[in-house]
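In: following is a predicted model, sequence given first.
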Amino acid sequence: MSTVDTAARTGIAAGTQLPELRIPITATLIVTGAIATRDFQKVHHDKDVAQAAGTPNVFMNILTTNALVNRYVGEWAGPAARVGRINIRLGATNFPGDEMVFTGTVDSVDGQNVVVKVVGTNSLGPHVTGTVDLVIPSKGESA
């Protein structure tokens, strides 16, 4: 199958904008994300320890950020899509009381292979930037 055929049938092309996703950053999200990923560093669940380390509060770990990137792109791509690779870089820290706003753009389409550029921004600036490589099958095909 050609690249044009798959892209035309899925309606996905380079430059396609993903819908914005807003995620409230709460202490509960930060702590439960750290626990779920077995990251027991106290800066992710103990405010006093985080403040002693020089931050105003507990802060999100990279594994929770990675999961939120996966959620954002996965919800857009749909249940038949398969994530092949997530490549992210952290920036501004996510603290409780803030909000992270995800935006994304399809960077390239090659057959069923789709690369999406993602940015998650909070009030301090970009928290996460990166790319997600997906396989998105056309209807009736499998990834």
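Out: Received the coordinates, thanks.

In: any idea where the strands of the chain begin and end?
Out: In the chain, strands defined by DSSP state E lie at 17-25, 82-90, 98-110, 113-122, 125-135, listed in chain order.

In: winner for burial among those?
Out: Stretch with highest mean neighbour count among the strands of the chain: strand 113-122 (a mean of 20; mean count of other Cβ atoms under 10 Å). Using the backbone N, CA and C atoms, a C-beta is placed for each residue, glycine as well.

In: tell me the strands beside that strand, with direction?
Out: When pairing is defined by DSSP bridges, strand 113-122 lines up against strand 98-110 (antiparallel), strand 125-135 (antiparallel).

In: so which of the strands of the chain is nearest residue 43?
Out: Of all the strands of the chain, strand 82-90 sits nearest to residue 43, with 14.0 Å by Cβ to Cβ.

In: what pLDDT is listed against residue 140?
Out: With respect to pLDDT, residue 140 scores 58.

In: show me the shaky parts of this protein.
Out: For the chain, the stretches with pLDDT under 70 are 1-10, 139-143.

In: isn't residue 81 right up against residue 132?
Out: No. Look at residue 81 against residue 132 with Cβ atoms under 8 Å: they stay out of range, at 9.9 Å.

In: thought residue 26 was touching residue 94?
Out: No. Residue 26 is beyond contact range of residue 94, at 10.2 Å (criterion: Cβ under 8 Å).

In: other residues contacting the helix ranked longest in the chain?
Out: Longest helix in the chain by number of residues (criterion: DSSP state H): helix 62-77. Under the criterion Cβ atoms under 8 Å, 6 or more residues apart in numbering, residues 18-19, 21, 23, 29-30, 33-34, 36-37, 39, 81, 83, 86, 88, 90, 94, 100, 102, 104, 114, 116, 118, 120, 127-128, 130, 132, 134, 136 lie in contact with helix 62-77.
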